[in-house]
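Chemist: 3D model of this:
(4 chains)
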2 protein chains.
Amino acid sequence: MTGDPAKKAPYHHGDLRSTLVRVGRTLLETETNPSLRAIARAAQVSHGAPMHHFPSWAHLLAACAADGFRELSGDLQAVDAATPETRLMDMGAAYLAFAQRSPVVFRLMFNRSAVTVRTEEFQRDSSAAYHLLQHAVRATDPGMSDARFDALINTVWALIHGISVLELEQQICRSAEDITDTRDFLRHGLRQLIQP
Amino acid sequence: MTGDPAKKAPYHHGDLRSTLVRVGRTLLETETNPSLRAIARAAQVSHGAPMHHFPSWAHLLAACAADGFRELSGDLQAVDAATPETRLMDMGAAYLAFAQRSPVVFRLMFNRSAVTVRTEEFQRDSSAAYHLLQHAVRATDPGMSDARFDALINTVWALIHGISVLELEQQICRSAEDITDTRDFLRHGLRQLIQP
DNA sequence: TCACGAATCTAGACAGTGACAGGATTGCGC
DNA sequence: GCGCAATCCTGTCACTGTCTAGATTCGTGA
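Modeler: Predicted coordinates:
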């Protein structure tokens, strides 16, 4: 009886922290406004258990957002294109695709009102994703000046992020076919920005 | 005694609905995560009173967001520039300035996770602001095709919105002087997008 | 091997939240 | 002047995040 792991959950979970992040990310996307207690229930632990791994509810949200940044970094690194220009466009498309796939976590990742704490983990994983984009922008013209690079990285990122957000909040398109259009808008806009 | 309006508040507030929106917008920007009850307290009314004007807490938030869109529309209409190009850039700067001035309400205006209801008022005021931007974009080249306009309005709006969001969330700049840079990035990026 | 401290989890309690119900008060049209 | 609808207050409910105290388990050194 007690030896059956399916029937009786062990007193110590073993890896509750990462389980809470995984279950949290799932519930955030499926339920509307899940609570800390709801996530604890889904992870089959008591409502007080998460506090031993996260100092506060905001820290769990920050961990979910950091997990999102890690996934985004993986998507960006998986891009394989022939030229630096197409590589940058494909990374923009991957950024857009991530926002569509995980809209709630994506909002968490870029919303200081929702995630009020800046944990070390969050800082690290978010800047890692940012640096991937940085290098891709730099590669389109390795000899560009610092001033030019400063302006370019910010406008390129803003365009990618802006299109992702607007489509996320259903401000741009409504029908499913329009998603292709959105990706074309992004490609065409990026092409205009990176030309000297 | 009873005739003194300063000492004794009347049983009927008179204009509680707009007061709640005004107080709500103030508290949203000053306090962190104000509650419906906190707004009711600030409006010097019982915690149940708001329910007679808003079916739910989400409806009050939607009203605050709609109020933000009306203010934004006013800012966009106040722009006065010589050419359609500079007019569009100034509208972008006004958009950016609004986001800096009212960051929390700005997030509310473009976050379906925070404002879960789409009231008629919200729809009306948000599309009114959108149409102002639409006309400004169209004016840069009145003879452009529908396809070109579709792409341009989306990319222009995305760039403006993206730069506003990234600076809002302190992803772009940290020092106060950099705000000028951000506006320059926006101007330069817009100039690249609207050129045929 | 076993004892002991640290880490982990449960259970209960607390103030605060949004929502609702019932009653009090007020303003307006007939 | 009367009745009724709109407005507001008070009390209550389930639920939330956080805290505390106690139970259970794990890891480590003797």
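Chemist: correct me if wrong: A:Ala136 contacts A:Met91.
Modeler: Yes: between A:Ala136 and A:Met91 a contact is recorded at 5.3 Å, counting by CB atoms under 8 Å. Where C-beta positions appear, they are placed from N, C-alpha and C, glycine not excepted.
Chemist: overlap in contacts, these two.
Modeler: A:Leu76 (CB atoms under 8 Å, 6 or more residues apart in numbering or on different chains).
Chemist: the bottom helix or strand of chain A by mean pLDDT?
Modeler: Across the helices and strands of chain A, mean confidence by mean pLDDT, DSSP states H and E is lowest for helix A:178-194: a mean of 90.
Chemist: can you list contacts of that one?
Modeler: Taking CB under 8 Å, 6+ apart as the rule, helix A:178-194 contacts A:85, A:88-89, A:92-93, A:96, A:100, A:137, A:140-141, A:152, A:155-156, A:159-160, A:163, A:167, A:172-173, B:150-151, B:154-155, B:158-159, B:189, B:192-193, B:195.
Chemist: just the ones in helices from these, please.
Modeler: Among those, the ones falling in helices (DSSP state H) are A:85, A:88-89, A:92-93, A:96, A:100, A:137, A:152, A:155-156, A:159-160, A:163, A:167, B:150-151, B:154-155, B:158-159, B:189, B:192-193.
Chemist: just the buried ones from these?
Modeler: A:85, A:88-89, A:92-93, A:96, A:137, A:152, A:155-156, A:159-160, A:163, A:167, B:150-151, B:154-155, B:158-159, B:189, B:193 (16 or more other CB atoms under 10 Å in any protein chain shown).
Chemist: near DNA strand D, which residues of chain A?
Modeler: A:10-12, A:35-38, A:47-48, A:51, A:55-58 (CB under 7 Å from any atom of the strand).
Chemist: so which of those is surrounded by the most neighbours?
Modeler: The most crowded member of the residues of chain A next to DNA strand D, judged by other CB atoms under 10 Å in any protein chain shown, is A:Leu36 (19 neighbours).
Chemist: is it true that A:Arg118 touches A:Ala62?
Modeler: Yes: here A:Arg118 reaches A:Ala62: they are 7.4 Å apart, a contact under CB under 8 Å.
Chemist: between the two, who's got more neighbours?
Modeler: Using other CB under 10 Å, the more surrounded residue of A:Arg118 and A:Ala62 is A:Ala62, with 24 against 12.
Chemist: on that earlier part again, now, which of the residues of chain A next to DNA strand D sits nearest chain B?
Modeler: Distance to chain B across the residues of chain A next to DNA strand D (CB to the nearest CB) is lowest for A:Ala58, with 10.2 Å.
Chemist: show the pLDDT at that closest one.
Modeler: pLDDT recorded at A:Ala58 is 97.
Chemist: run the angle between the least confident helix or strand of chain A and helix B:178-194 for me.
Modeler: 110 degrees (axes from the mean of the first three to the mean of the last three CA atoms, to 10 degrees).
Chemist: buried residues of helix A:178-194, list them for me.
Modeler: Using 16+ other CB under 10 Å as the test for burial, helix A:178-194 gives A:Asp181, A:Thr182, A:Arg183, A:Phe185, A:Leu186, A:Arg187, A:His188, A:Gly189, A:Leu190, A:Leu193, A:Ile194.
Chemist: and the gap between the first one and DNA strand D?
Modeler: In this structure, A:Asp181 and DNA strand D are 38 Å apart, going by CB to the nearest atom of the strand, to the nearest Å.
Chemist: please apply the same query to the fourth one.
Modeler: Distance of A:Phe185 to DNA strand D, computed by CB to the nearest atom of the strand: 37 Å.
Chemist: repeat for the fifth one
Modeler: Here the distance between A:Leu186 and DNA strand D works out to 35 Å (CB to the nearest atom of the strand).
Chemist: same check on the last one?
Modeler: A:Ile194 sits at a distance of 43 Å from DNA strand D (criterion: CB to the nearest atom of the strand).
Chemist: likewise for the second one?
Modeler: To DNA strand D, A:Thr182 is 33 Å away according to CB to the nearest atom of the strand.
Chemist: how about the residue most central in space within chain A: what's its closest non-neighbour residue?
Modeler: In chain A, the C-alpha nearest the mean C-alpha coordinate belongs to A:Gly68, at 3.7 Å (CA atoms, centre = their mean). Residue nearest to A:Gly68 in three dimensions, not counting chain neighbours: A:Val105, with 4.2 Å by CB to CB, 6 or more residues apart in numbering or on different chains.
Chemist: any residues touching stretch A:19-26, and which ones?
Modeler: By CB under 8 Å, 6+ apart, stretch A:19-26 touches A:13, A:34, A:39-40, A:42-43, A:50, A:53-54, A:60-61, A:63-64, A:67-68, A:102, A:105.
Chemist: just those residues that are near DNA strand C?
Modeler: A:His13, A:His53.
Chemist: just the buried ones from the contacts of stretch A:19-26?
Modeler: The buried subset of the contacts of stretch A:19-26 - by 16+ other CB under 10 Å - is A:34, A:39-40, A:42-43, A:50, A:53-54, A:60-61, A:63-64, A:67-68, A:102, A:105.
Chemist: nearest spatial neighbour of the residue of chain A found nearest chain B, skipping sequence neighbours?
Modeler: Closest to chain B within chain A is A:Gly162: 2.6 Å, counting by CB to the nearest CB. With sequence-adjacent residues excluded and distances taken as CB to CB, 6+ apart, A:Gly162 is closest to B:Gly162, at 2.6 Å.
Chemist: just the pLDDT for that neighbour.
Modeler: What the model reports as pLDDT for B:Gly162 is 97.
Chemist: list the contacts of it.
Modeler: B:Gly162 makes contact with A:Trp157, A:Ala158, A:Leu159, A:Ile160, A:His161, A:Gly162, A:Ile163, A:Val165, according to CB under 8 Å, 6+ apart.
Chemist: and the residues you listed as a markdown table, adding distance to A:Thr19?
Modeler: Supplementary listing: the contacts of B:Gly162 in a markdown table, determined by distance: CB to CB, whole Å:
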| residue | distance to A:Thr19 |
| --- | --- |
| A:Trp157 | 33 |
| A:Ala158 | 36 |
| A:Leu159 | 37 |
| A:Ile160 | 32 |
| A:His161 | 30 |
| A:Gly162 | 35 |
| A:Ile163 | 34 |
| A:Val165 | 30 |
